[in-house]
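In: Fold the stuff below for me.
(one chain, ligands or ions: 1)
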Amino acid sequence: MDKIKIRGGKPLEGKIFISGAKNAALPLICASLLTDETVTLTNMPMLSDIKAMNALLQQLGTKINDFDDFVDGHATKTYSYRTKDIESLTAPYDYVRKMRASYYVLGPLLARFGKCELSLPGGCAIGARPMDIHLSSLEKMGAKIEIKNGYIYAQSDGRLKGTHILFSGVSVGATCNLLMAAVLAEGTTVLENAAKEPEIGDLAKLLNAMGAKIQGIGTSILTIEGVDKLHGAVHKIIADRIEAGSYAVAAAITRGKIELINAKSETLRQPLQVLKDMGVHIVETPNSIIVDAKGCNLVGKDIMTEPFPGFPTDLQAQFMALMLTADGASMVTETIFENRFMHVPELLRMGANINVHGHASAIVRGVKKLSGAPVMATDLRASFALVLAGLIAEGETVVNRVYHLDRGYEKLEEKLKGVGADIERVKGDDNYE
Ligand code: EPZ
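Out: You can find the predicted model right below:
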């Protein structure tokens, strides 16, 4: 198993091109199931999660073509998806256990074909992550749902029925699934207390380009007038705000300066404000964000994760890494997932001073320096936090379980090397597993 070796201590300087957003691409790929025409997605990131989703759709009968493409002079992928004839309506255990986002096939398959069998995802490294909001909402639209042998059996007699749904909690996944279910339903659906993440806006824009009638994009009330049929479309995936936020921290933690090309500041308001409050200079340009921490003395700052536009849970671990060597104390509160401090024990091994209180909060007290160590994390964002700590630690840090990073950070070593990091990928001997 591959590992990433980092020798810390270099301030990073230069430009990083921000890729298309993984968490937008995954539901948008599944939206292609809603039509028998071709849906083409450009600015797609080359990530293992995208490959996994493509494999699932191929198993359902989708024909996929990929093309090498360029966005602003940077190599990206364009994929075209066509599901003319469906071969299977089942998302099997082997796919879902590798990638929870497989559950995005549920809404589209039920809407277009009236049936879907989906292996029920279990808990994962960051929390229990139930699907109750998805399922109870689909039932309100007339779906019959049964759970048997670890599978969700969902069926609908004819088209789903538009209705008023008040989500009991704010869920990105449930909002996407219900949006995709509602576009082909009979009548009007209102989704209240919907999640407002930019990735949902991107999904709604693609669906409208396919002929859907969605209003209220970017707000917590989405109104969807169902249509009989959707058609093909071409759509460019938005830039990955979490990747941009992660590299913003790389600039700040190394007291360097990085221009994040293609990053959109309106998707990162809270994280950018936290950086400013800590003493980092931020300059917004029409097509980039410049993060400048050269010569800055950073001070600790409290953060609390919340649904968008609040501080994103997907940047909590990276910002905790930033707090490690900032002056004073910072309180980090996680309100979205119940088990998202798995990076803490590894950071402690590098010399951090962190006290976790229960599941939800941690106090970080700034230390003068960190020291390199072999470390491993249990999820994508926690793994990136370890890379960040490695970038400033004395000596060598070896990050194991690199497959987590490959799920969500395109060309990680290449991008960090390009701004001066001493980082390399090495073939592993599996001793750390
Ligand atoms: C999405 O997960 C993202 N995944 C996550 O990104 C992200 O952390 C999360 O949204 C929050 O922003 C993708 O987009 C593929 P939720 P999702 O439904 O949709 C509870 C990353 O690192 N809940 O908004 O699964 C749930 O347990 C990942 O890229 C229910 O109780 O998140 C959680 O506590 C990890 N019942 C909260 O809601 C439900 O039916 C928010 O979850 C659904 C959710």
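
In: Who are the contact partners of residue 272?
Out: 248, 265, 282, 289 (CB atoms under 8 Å, 6 or more residues apart in numbering). Backbone N, C-alpha and C define where each C-beta goes, glycine included.

In: I'd like to know how far it sits from residue 13.
Out: Per CB to CB, to the nearest Å, residue 272 is found 19 Å from residue 13.

In: Break the protein into its domains for me.
Out: Split into domains by automatic domain parsing, the chain comes to 3-18+239-426, 22-236.

In: As CSV, those domains with distance to the ligand and mean pLDDT would be great.
Out: CSV is the format used below for those (distance: least, CB to the nearest ligand atom, whole Å; pLDDT from 0 to 100):
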stretch, distance to the ligand, mean pLDDT
domain 3-18+239-426, 5, 97
domain 22-236, 3, 96
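
In: Only the C-alpha atoms, please, for whichever strand or helix holds residue 252, written as PDB.
Out: Following DSSP states H and E, one finds residue 252 within helix 241-253. Taking Å, rounded to 0.1, in the frame of the first residue of the first chain, the C-alpha atoms of helix 241-253 are listed here in PDB:
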ATOM      1  CA  ARG A 241     -14.300  24.400  -2.300                       C
ATOM      2  CA  ILE A 242     -12.900  21.800   0.200                       C
ATOM      3  CA  GLU A 243      -9.800  21.200  -1.900                       C
ATOM      4  CA  ALA A 244      -9.400  25.000  -2.100                       C
ATOM      5  CA  GLY A 245      -9.800  25.400   1.700                       C
ATOM      6  CA  SER A 246      -7.400  22.600   2.300                       C
ATOM      7  CA  TYR A 247      -4.600  24.200   0.200                       C
ATOM      8  CA  ALA A 248      -5.500  27.600   1.800                       C
ATOM      9  CA  VAL A 249      -4.500  26.000   5.100                       C
ATOM     10  CA  ALA A 250      -1.300  24.600   3.500                       C
ATOM     11  CA  ALA A 251      -0.300  28.200   2.700                       C
ATOM     12  CA  ALA A 252      -1.200  29.400   6.100                       C
ATOM     13  CA  ILE A 253       0.400  26.600   8.200                       C
END
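
In: Contacts for the following helix or strand past it next, please.
Out: Toward the C-terminus, helix 241-253 is succeeded by strand 257-261 as the next helix or strand (DSSP H and E). Outside strand 257-261, the residues within contact range by CB under 8 Å, 6+ apart are 11-18, 72, 74, 244, 247-248, 250-251, 287-294, 419.

In: repeat that for 7 Å
Out: With contacts defined as CB atoms under 7 Å, 6 or more residues apart in numbering, strand 257-261 is touched by 12-18, 72, 244, 247-248, 250-251, 287-294, 419.

In: do the same with stretch 126-144
Out: Contacts of stretch 126-144 (CB under 7 Å, 6+ apart): 100, 103, 106, 110, 120-121, 123, 145, 152, 154-156, 160-161, 163, 165, 167-169, 171, 173-174, 177-178, 181, 185, 189, 337-340, 379.

In: Stretch 86-106 now?
Out: Here stretch 86-106 makes contact (CB under 7 Å, 6+ apart) with 26-27, 30, 33, 49, 52-53, 56, 59-61, 109, 113, 115-119, 121, 124, 129, 131, 134, 150, 154, 173, 176-177.

In: Just the element for residue 208, please.
Out: Using DSSP H and E, residue 208 falls in helix 198-209.

In: mind listing what's buried in stretch 322-338?
Out: Neighbour counts over stretch 322-338 (16 or more other CB atoms under 10 Å) mark 322-326, 329-330, 332, 334-337 as buried.

In: I should have written stretch 123-132 there, sorry.
Out: Of all the residues in stretch 123-132, those buried under the rule 16+ other CB under 10 Å are 126, 129, 131.

In: Tell me the one of these nearest residue 368?
Out: For residue 368, the nearest member of these is residue 126. The distance, counting by CB to CB, is 30.6 Å.

In: For the closest one, give me phi and psi.
Out: Backbone torsions of residue 126, given as degrees, to the nearest 10, read phi -100, psi -10.

In: ok, now residue 420?
Out: The phi/psi pair for residue 420 (degrees, to the nearest 10) reads phi 100, psi 10.

In: pretty sure it contacts residue 12?
Out: Yes: assessed by CB atoms under 7 Å, residue 420 is found in contact with residue 12 at 5.3 Å.

In: who has more neighbours, these two?
Out: Set residue 420 next to residue 12 and count neighbours by other CB atoms under 10 Å: residue 12 wins out with 24 against 15.

In: In contact with residue 110, which residues?
Out: Applying CB under 7 Å, 6+ apart to residue 110 gives the contacts 116, 138, 143, 154, 156, 160, 181.

In: Just the residues you listed: which are in strands?
Out: 116, 154 (DSSP state E).

In: and residue 67, how many neighbours does it have?
Out: Residue 67 - counted by other CB under 10 Å - has 12 other residues nearby.

In: so it is in which element?
Out: Assigned by DSSP H and E, residue 67 belongs to strand 63-71.

In: strands paired with that strand, and their directions?
Out: strand 74-82 (antiparallel) (DSSP bridges).

In: ok, and what's touching the partner strand?
Out: 17, 20, 29, 32, 37-44, 46, 57, 62-70.

In: One more pass at 6 Å, please.
Out: For strand 74-82, the external contacting residues (CB atoms under 6 Å, 6 or more residues apart in numbering) are 17, 32, 38-44, 46, 62-67, 69.

In: Which SSE is immediately downstream of it?
Out: Scanning forward in sequence from strand 74-82 by DSSP H and E, the next helix or strand is strand 90-91.

In: chain center to the very next helix or strand once past that next one: distance?
Out: Downstream of strand 90-91, the next assigned helix or strand under DSSP H and E is helix 93-98. How far helix 93-98 lies from its chain's middle: 18 Å, per CA atoms, centre = their mean, to the nearest Å.

In: And the very next helix or strand once past helix 93-98, what's buried?
Out: Per DSSP H and E, helix 93-98 leads on to helix 106-113 as the next helix or strand towards the C-terminus. Burial within helix 106-113, assessed by neighbour count using 16+ other CB under 10 Å, is assigned to 106-112.

In: Pull up the distance across stretch 32-44, start to finish.
Out: Terminal residues of stretch 32-44 are spaced 14 Å apart (CA to CA, to the nearest Å).

In: try stretch 227-247
Out: 41 Å.

In: Now do the buried residues in that stretch.
Out: Within stretch 227-247, the residues scored as buried using 16+ other CB under 10 Å are 230, 232-233, 235-247.
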